[in-house]
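Asker: My questions are about this predicted structure, shown below with the sequence.
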Amino acid sequence: MNRPVRGPVLLVVLAAALASAGCLQKAKPAQPGGFIPPENLEKPGDLPFHKAWRSLANWDRYTEIYIAPFNTEHLREMSWWEKLERGEKVKQDAEELALYAQTEFREAFAKDPNRRFKVVDVPGPKTLIAEIAIIEVVPNKVVLDALGYAAGPVAGPAGSAAAGAQTITTQSTVAFEARMRDGGSKQVVAMFADRESEKYFPVNLKDLTWYGHAKAIVKEWANQFVQIANQQPGEIIKDSPLFDLKPW
């Protein structure tokens, strides 16, 4: 006897169908944030990021990884936050998200079952240094809706002519730029950039927190960096799905 499709299974099937039909789409690439030069960055065919550049085919020469504190200096200015009751805490929010991101990346590599890299506090000649900047973060629109700011302006890069030209119309987003350095020479051996938006799910408790979606995306990025560290020749690391099976 055929049983009817119910609950979460039906939601997954529906989300997959919408994605196939083009109704659900991934976030578009972010504008350069200034942390890494945009020249020579291209869409990689084997990575889940929007842009990448690598001088090394693999990272076999390294046995350690150092996750530097996440940079927030290149975050797009969002002066419209001053209109919100939470406006004065924007800087604190960014710093807390940066600390969360560094912790997630360190834990992801520490828990890597392949033990590809040893996570260190001080880089050495066999260390791969990961320097990552959060260049954009837009809080959850559901929260802004509740506060009466469904379309608050989001500024472009700090000091740019595009400042204030964008608006929040759909989802919360977060973007990063990263550079990987040789621990001995300090030369940059790879650069990455990506931007993601919140996942689709009819009921999502992350909507009820300021940066619930951003934290979920950061966790995905951390796991993707671990996958890249373990990437085999010819292996393609797929992008994260459009929908979220965990509403919390």
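Answerer: In hand now; what should we look at?

Asker: Please count neighbours and contacts with C-alpha atoms only from this point.
Answerer: Will do.

Asker: Please give the element, helix or strand, for residue 227.
Answerer: helix 212-229 (DSSP states H and E).

Asker: helices and strands around that helix, which ones?
Answerer: In terms of contacts (3 or more C-alpha pairs under 8 Å, 6 or more residues apart in numbering; DSSP states H and E), helix 212-229 is packed against helix 90-110, strand 173-182, strand 188-197.

Asker: and the following helix or strand past the first one, which strands flank it?
Answerer: Spelled out, it's helix 90-110. Next in sequence after helix 90-110, counting helices and strands by DSSP H and E, comes strand 118-119. Partners of strand 118-119 in the sheet, by DSSP bridges, are strand 64-67 (parallel).

Asker: Output the strand it pairs with as CSV, nothing but the C-alphas.
Answerer: C-alpha atoms of strand 64-67 as CSV (Å, rounded to 0.1, in the frame of the first residue of the first chain):
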residue,chain,number,x,y,z
GLU,A,64,48.9,23.1,10.8
ILE,A,65,46.3,25.8,10.4
TYR,A,66,45.9,29.1,12.3
ILE,A,67,42.5,30.8,12.2
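
Asker: and it, which residues are buried?
Answerer: Buried residues in strand 64-67, counting neighbours by 16 or more other C-alpha atoms under 10 Å, are found at 64-67.

Asker: Just put the residues you listed in a markdown table and tack on distance to residue 232 and pLDDT.
Answerer: Shown next, in a markdown table, are the buried residues of strand 64-67 (distance: C-alpha to C-alpha, whole Å; pLDDT from 0 to 100):
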| residue | distance to residue 232 | pLDDT |
| --- | --- | --- |
| 64 | 18 | 98 |
| 65 | 18 | 98 |
| 66 | 22 | 98 |
| 67 | 22 | 98 |
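
Asker: Can you add distance to residue 104 and give those back as JSON lines?
Answerer: Listed next are the buried residues of strand 64-67 as JSON lines, based on distance: C-alpha to C-alpha, whole Å:
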{"residue": "64", "distance to residue 104": "17"}
{"residue": "65", "distance to residue 104": "14"}
{"residue": "66", "distance to residue 104": "13"}
{"residue": "67", "distance to residue 104": "10"}
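
Asker: show me what contacts the closest residue in space to residue 109 that isn't next to it in sequence?
Answerer: Leaving aside its sequence neighbours, residue 109 sits nearest to residue 226 (C-alpha to C-alpha, 6 or more residues apart in numbering; 6.1 Å). Contacts for residue 226 (C-alpha atoms under 8 Å, 6 or more residues apart in numbering) come out as 108-109, 112.

Asker: For those residues, pick the one with the most neighbours.
Answerer: Within the contacts of residue 226, residue 109 tops the neighbour count with 25 neighbours, counted by other C-alpha atoms under 10 Å.

Asker: That one and residue 119 touch, don't they?
Answerer: Yes - using C-alpha atoms under 8 Å, residue 109 is in contact with residue 119, at 6.8 Å.

Asker: hey, what's the nearest residue to residue 120 once chain neighbours are set aside bridged with?
Answerer: In space, and not counting its chain neighbours, residue 120 is closest to residue 66: 5.4 Å by C-alpha to C-alpha, 6+ apart. For residue 66, the beta-bridge partners under DSSP bridges are residue 129.

Asker: Hmm, residue 66 is touching residue 124, no?
Answerer: No - at 9.0 Å, residue 66 does not count as touching residue 124 under the criterion of C-alpha under 8 Å.

Asker: Might you list the low-confidence residue ranges for this structure?
Answerer: 1-26, 76-90, 140-171, 199-212, 240-248 (pLDDT under 70).
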